[in-house]
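Participant: Generate a structure from the sequence data that follows.
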Amino acid sequence: MAYRISRNIEASVIDFLKDELELSWTNVNIIKGFSKVYELTLPTICVRAENTTYDKVEVGSNSFTRTVQVFIDLFTENDGQRLDLKDTIIESLKDGLPYYEYTILKQGRTSIIESKEQNGRIRIIKIDDTALNFGTEKEKLDVRDRFRHLLTLSITIGRVE
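Facilitator: As a prediction, this is how the structure comes out:
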């Protein structure tokens, strides 16, 4: 069984961030979705591919190109760590990243990545860089929500579908 495009994008971004951050950071958790964010130690990064726009390639054709919004949520220990981590990630992403197609092996209710094969590149079209402010004193927030940051990427794999 293989992942479809959206899951391949998420997994490719996660793998890329793990490899890039391993060079200059230690003990950064990188996960898909919010499912375990509040169980893990900080810093934690959450990756989600959420909104997709499909644009027609040409009039009269049923072919589209896809632009995906990828959200990278940063949960950090303090403002300094938040700023340094987001700058590291942005610098790493500027040139794009490999797009992998993943084959998975289903074992009960879980899936294990059996293999991955590079099949193109993810191109970064735009990055929005937003510090999250909940309008509440930081001391009143959960420790994971005090120093949050959101990077919103608009990306494409440049394929006609």
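
Participant: How about the contacts made by the residue minimising distance to the centre of the chain?
Facilitator: Closest residue to the average C-alpha location of the chain: residue 47 at 3.3 Å, with Cα atoms, centre = their mean. Listed by Cβ atoms under 8 Å, 6 or more residues apart in numbering, the contact partners of residue 47 are 10, 13, 14, 17, 30, 31, 32, 70, 71, 72, 73. Backbone N, C-alpha and C define where each C-beta goes, glycine included.

Participant: Any figure for the gap between the first one and residue 71?
Facilitator: Residue 10 sits 10 Å away from residue 71 when distances are taken as Cβ to Cβ, to the nearest Å.

Participant: Of those two, which one has the most company?
Facilitator: Under the neighbour definition other Cβ atoms under 10 Å, residue 10 and residue 71 were set side by side, and residue 10 has more, 20 against 15.

Participant: Which residues are in contact with each of residue 10 and residue 71?
Facilitator: Here residue 10 and residue 71 have 47, 48, 49 as joint contacts, going by Cβ under 8 Å, 6+ apart.

Participant: What is the burial count for the last one?
Facilitator: In other words, residue 49. Counted by other Cβ under 10 Å, the residues lying close to residue 49 total 21.

Participant: so it sits right up against residue 68, yeah?
Facilitator: Yes - between residue 49 and residue 68 there is a contact at 5.4 Å, judged by Cβ atoms under 8 Å.

Participant: mind listing the helices for the chain?
Facilitator: Using DSSP state H, the helices of the chain run over residues 5-22, 79-93.

Participant: Quick one: distance of the shortest one to the chain centre.
Facilitator: Taking the mean C-alpha point of helix 79-93 and that of its whole chain, the gap between them comes to 14 Å (Cα atoms, centre = their mean, to the nearest Å).
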